[in-house]
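Chemist: need a structure here:
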Amino acid sequence: MRLGITGHRGLPEQSEKLVRAALQREVQRHRPDDLVGVSCIADGPDSWFAQAVLDHGGRIEVVIPASSYREGLPAWHHATYDELLQRAAEVHRTGLDESTSEAHMAGSEILVGLVDELVAVWDGQPARGYGGTADVVAYAERNGVTARVLWPEGATRD
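Modeler: All right, here's what the predicted structure looks like:
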C-alpha cells in the first residue's frame, strides 16, 4: 500500500497531539512490509506521518518540490528534514528551483501520482493559498485517488 500525506502546518500543540495519534492509528492499519509512505516531509503532518511509517517498519519516499524547498522550511525543522530525507528509499523531484506555491502544488501532484490513497490532515475548509490542503485533496479526487481525511475531534487550526 502506497500512502501519501498532505495536511495543515502550524497546528497548535493540542491539535498536534491529536493529529499525531490519528496518524499513528492510520499507519498501523497497514502491514509494515507492504507500506510505503510518500511525503514532502515539511514540518507538521508531513514529517509526523513519515516518522510514523518508519517507526511502524514501513519505507518512505520523499517528494522535493523545489531545490530551495528546505531553506523555506523553519530552521528548527531542518535536522528532522535531513534525517527523514536520508532514510528515504527513493527521492522524487519536480525539477523546479524556487520554492513557491506553484512548486508545492507540483510536488503534491507528483505525490498524488505515486500513491494508492492520500491521507489528508484537513479541517475541511478552503485552502488559504494556492497549493493548500484543500487543493491537494481536490486534485487527488479529480485523479481517482481516494483522500482519507483525518481531522480528530477537538483539533483546531488556529
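Chemist: so where's this protein shaky on pLDDT?
Modeler: In the prediction, the chain carries no residues with pLDDT under 70.
Chemist: all the helices of it, residue numbers only.
Modeler: For the chain, the helices defined by DSSP state H occupy 13-28, 45-56, 69-72, 78-86, 101-114, 133-142.
Chemist: winner for burial among these?
Modeler: helix 45-56 (a mean of 23; mean count of other C-beta atoms under 10 Å). Heads up, the C-betas are built off the backbone N, CA and C, glycines and all.
Chemist: tell me the helices and strands packed up against it.
Modeler: Identification of packing neighbours for helix 45-56 by 3 or more C-beta pairs under 8 Å, 6 or more residues apart in numbering; DSSP states H and E yields strand 2-7, helix 13-28, strand 36-39, strand 59-64, helix 78-86.
Chemist: number of residues surrounding residue 31?
Modeler: When neighbours are defined as other C-beta atoms under 10 Å, residue 31 has 11 of them.
Chemist: and the nearest residue to it once chain neighbours are set aside, how many neighbours does it have?
Modeler: Once flanking residues are discounted, residue 31 sits nearest to residue 1: 7.8 Å by C-beta to C-beta, 6 or more residues apart in numbering. By other C-beta under 10 Å, 13 other residues sit near residue 1.
Chemist: repeat for residue 42
Modeler: Counted with other C-beta under 10 Å, residue 42 comes out at 24.
Chemist: same deal with residue 44?
Modeler: For residue 44, the neighbour count with other C-beta under 10 Å is 21.
Chemist: the nearest residue to it once chain neighbours are set aside: what's it in contact with?
Modeler: Distance criterion C-beta to C-beta, 6+ apart; nearest residue to residue 44, sequence neighbours excluded, is residue 9 at 3.9 Å. Applying C-beta atoms under 8 Å, 6 or more residues apart in numbering, we find residue 9 in contact with 42, 43, 44, 45, 46.
Chemist: now do 7 Å
Modeler: Counting by C-beta atoms under 7 Å, 6 or more residues apart in numbering, residue 9 makes contact with 42, 43, 44.
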